[in-house]
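Undergrad: Give the three-dimensional model of this entry:
(4 chains)
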Number of protein chains: 2
Amino acid sequence: MLKISGFANLPPMTRTRKPAAPAAPAPQTPPPAEPARRPRGRPRKTALEIDDGNRRRALMDCAAELFLTQGYAATSVRDIAAAVGMHSGSPFYFFKSKSDLLHAVMHEGMLQAELSQQQAMQALAPDTPIAERLRTLIRHHFEVLLGPRSGFIPVMLYEWRSLTAVQRNDVSGIKDRYEAVWAPVLEQLHAQGALQADPGVARLYIFGALHWAVQWFSPRKGMTLDQLSDQAMALFIRKD
Amino acid sequence: MLKISGFANLPPMTRTRKPAAPAAPAPQTPPPAEPARRPRGRPRKTALEIDDGNRRRALMDCAAELFLTQGYAATSVRDIAAAVGMHSGSPFYFFKSKSDLLHAVMHEGMLQAELSQQQAMQALAPDTPIAERLRTLIRHHFEVLLGPRSGFIPVMLYEWRSLTAVQRNDVSGIKDRYEAVWAPVLEQLHAQGALQADPGVARLYIFGALHWAVQWFSPRKGMTLDQLSDQAMALFIRKD
DNA sequence: CCTACCGATCGGTAGG
DNA sequence: CCTACCGATCGGTAGG
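TA: Here you go, the predicted structure:
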């Protein structure tokens, strides 16, 4: 289930037109059933020469940025193709449909977010206070939403309705696991009186508060993600 | 500036096909320059017979519902026309463009929200405690977002990017006035220690938390808007 | 408001 | 991946 690709090692949101040098083939996503035999004679730039993994990734990065800026329905496949330097029909070589591309963005984004959240929590010492655990979750969530590699999750938040029911169901599974990590933390904070509201409702409110930062946060406006996290903690958690 | 139409008296979000009896002419919005002279002979259902104000409203109500469900770009003018029982070209008799219709929804929604917020606050006794003032603002905001007449404001929240720059600027003015009411309340709560976070950032977080309820709140799931407001207060405001 | 229509754009495909 | 293409849909308009 947790088939994490090398996503974390690749810089998303980079708009590249015809990359200068085709990078090393990505080991993760298997190319869509392309035969392995080599062409005879002088190598030409054919489907066999193309680094399918990287082109897929480039499409997803550009798609995410455009979906976020203009919305899924208002973005044409031609827009995306142009952004990565392809011709209008070429994205369909990598993705069965526009809808599949949207789904791939959300699916990969959630897998990556789940993985990095796990890593952030496991890096904490076993005796870390609960409030500090929540701060870590919040800080990590801002990284996912607003950090240098962001884009996929904001698209998920604001284009949820553009998924089909089947796709929603698929992404929901990962999203549920991601959110489930927060529940025990909030429950313990509630038990010790630091969180006044019901933990279940609080989780929904807190996610809303954090998610909405996508709409207004600008890194140039002075605040860092750390300060953002501190303010969130101050708002939600009682400090005695 | 505050040319409030009779909006509050009309039930939005009602999907009507060919209303049985043409209601009394709405006094508010002046019809788009339709001559006042009567046709001779037997009255026919022509442009002169049509209640332009009500048809405009019906278009806005249906448009808001569809924009919210499917998104602005994914909703065709034909969809909207069909929902109110018109033919495909007819909405352009009432609105210059699809974009104008979206703008009208947001503009009217914000005017109405600003008015009802003013009324809710003015109904409070002068010596009402500050925490109770915030609760009133929150409760009213939930009414606007989730109440029986909701729809226009959620569309504004989630289709902001679909507006042109000029339209955004126009709606921003009303939105700023609506939000400005919250600032002194939060500042006073901060001054007396009931709000720990910076009031400016807190306002952004709180709006995010409340706005997001549009995504998950379902009136059948048990909670009332009052309970929702109480939980929000418990989350944000320190009770000693 | 309807009728009849147009030009533009869009998702997607066949075949290499 | 490109070339060349198609059928469908869409926003909008003229004229009544």
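Undergrad: thought A:A194 was touching A:R238?
TA: Yes: using C-beta atoms under 8 Å, A:A194 is in contact with A:R238, at 4.9 Å. (Each C-beta comes from the backbone N, C-alpha and C, glycine too.)
Undergrad: Tell me which of these two has more neighbours.
TA: Applying other C-beta atoms under 10 Å in any protein chain shown to A:A194 and A:R238 shows that A:A194 carries more neighbours, namely 19 against 16.
Undergrad: any idea which element A:G89 lies in?
TA: Here A:G89 sits in a region with no helix or strand, counting by DSSP states H and E.
Undergrad: for the closest residue to it other than its chain neighbours, what are its contacts?
TA: Nearest residue to A:G89, sequence neighbours excluded (C-beta to C-beta, 6 or more residues apart in numbering or on different chains): A:A81, at 7.8 Å. Going by C-beta atoms under 8 Å, 6 or more residues apart in numbering or on different chains, A:A81 touches A:H87, A:S88, A:G89, A:S90, A:P91.
Undergrad: what pLDDT does the first one get?
TA: So that's A:H87. On pLDDT, A:H87 comes in at 97.
Undergrad: That one: how many residues sit nearby?
TA: Using other C-beta under 10 Å, A:H87 has 9 neighbouring residues.
Undergrad: which residue sits closest to it in space, ignoring its chain neighbours?
TA: A:A81 (6.2 Å).
Undergrad: Can you give me the distance of the one you found to A:S90?
TA: Per C-beta to C-beta, to the nearest Å, A:A81 is found 6 Å from A:S90.
Undergrad: sorry, back to before: what subset of the contacts of A:A81 is buried?
TA: Buried by 16 or more other C-beta atoms under 10 Å in any protein chain shown: A:P91, out of the contacts of A:A81.
Undergrad: middle-most residue in chain A, spatially?
TA: Per C-alpha atoms, centre = their mean, the C-alpha nearest to the average position across chain A is that of A:G109, at 2.7 Å.
Undergrad: Which strands or helices does the strand or helix carrying that one pack on?
TA: Per DSSP H and E: A:G109 is located in helix A:98-122. Packing partners of helix A:98-122 (3 or more C-beta pairs under 8 Å, 6 or more residues apart in numbering or on different chains; DSSP states H and E): helix A:52-70, helix A:77-84, helix A:130-146, helix A:152-158, helix A:165-180.
Undergrad: neighbouring contacts of the fourth one?
TA: Right, the one you point to is helix A:152-158. A:12, A:60, A:64, A:67-68, A:71-72, A:102, A:105-106, A:108-110, A:112-113, A:144-145, A:171, A:175, A:211, A:214, B:158.
Undergrad: The worst-scoring helix or strand of chain A on mean pLDDT vs helix A:98-122, what angle?
TA: Lowest mean confidence among the helices and strands of chain A (mean pLDDT, DSSP states H and E): helix A:52-70, at a mean of 95. With axes from the mean of the first three to the mean of the last three C-alpha atoms, to 10 degrees defining the directions, helix A:52-70 sits at 90 degrees from helix A:98-122.
Undergrad: and the residue in chain A that DNA strand C sits nearest to, how far is that from B:S172?
TA: Of all residues in chain A, A:G89 sits closest to DNA strand C, at 2.6 Å by C-beta to the nearest atom of the strand. Distance from A:G89 to B:S172, counting by C-beta to C-beta: 40 Å.
Undergrad: Return the residues of chain A in contact with DNA strand C.
TA: Residues of chain A lying near DNA strand C by C-beta under 7 Å from any atom of the strand: A:47, A:75-79, A:88-89, A:92, A:96-99.
Undergrad: Spell out the secondary structure type for A:T75.
TA: Of the three states, A:T75 takes coil under DSSP: H, G, I helix; E, B strand; the rest coil.
Undergrad: Please list all residues in contact with the spatially closest residue to it that is not a sequence neighbour.
TA: Spatially, and ignoring its direct neighbours in sequence, A:T75 is nearest to A:L66 (4.4 Å; C-beta to C-beta, 6+ apart). Counting by C-beta under 8 Å, 6+ apart, A:L66 makes contact with A:T75, A:D79, A:I80, A:A83.
Undergrad: switch to 10 Å and redo it
TA: A:R15, A:Y72, A:A74, A:T75, A:S76, A:D79, A:I80, A:A82, A:A83, A:V155 (C-beta atoms under 10 Å, 6 or more residues apart in numbering or on different chains).
Undergrad: Could you count how many residues lie near the fifth one?
TA: Using other C-beta under 10 Å, the number of residues around A:S76 comes to 13.
Undergrad: Is it correct that it is in contact with A:K98?
TA: Yes: under the criterion of C-beta atoms under 10 Å, A:S76 makes contact with A:K98 at 8.4 Å.
Undergrad: DNA strand D contacts on chain A?
TA: Checking chain A against DNA strand D by C-beta under 7 Å from any atom of the strand, the hits are A:47, A:50, A:55, A:58, A:81, A:84-90, A:93.
Undergrad: so which of the residues you listed comes closest to A:R203?
TA: Nearest to A:R203 among the residues of chain A next to DNA strand D is A:A58, at 35.4 Å by C-beta to C-beta.
Undergrad: What is the neighbour count of the residue lying closest to that closest one once chain neighbours are set aside?
TA: Excluding its sequence neighbours, the residue lying closest to A:A58 (C-beta to C-beta, 6+ apart) is A:V84, at 4.7 Å. By the criterion of other C-beta under 10 Å, A:V84 has 22 neighbours.
Undergrad: where does A:V84 land on pLDDT?
TA: 97.
Undergrad: B:I130 versus A:A234, what's the distance?
TA: 18 Å.
Undergrad: ok, now A:D176?
TA: From A:D176 to B:I130 the distance is 38 Å (C-beta to C-beta).
Undergrad: which one of these two has more residues nearby?
TA: B:I130 (18 against 10).
Undergrad: Could you verify my assumption that that one touches B:W182?
TA: No: the pair B:I130 and B:W182 does not pass the contact test of C-beta under 10 Å, sitting 11.6 Å apart.
Undergrad: got the CA positions of stretch A:110-117 in CSV?
TA: C-alpha atoms of stretch A:110-117 as CSV (Å, rounded to 0.1, in the frame of the first residue of the first chain):
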residue,chain,number,x,y,z
MET,A,110,-0.9,12.3,-0.3
LEU,A,111,1.5,9.3,-0.3
GLN,A,112,4.4,11.7,0.0
ALA,A,113,2.7,13.7,2.8
GLU,A,114,1.9,10.6,4.7
LEU,A,115,5.5,9.4,4.4
SER,A,116,7.0,12.7,5.5
GLN,A,117,4.6,13.0,8.4
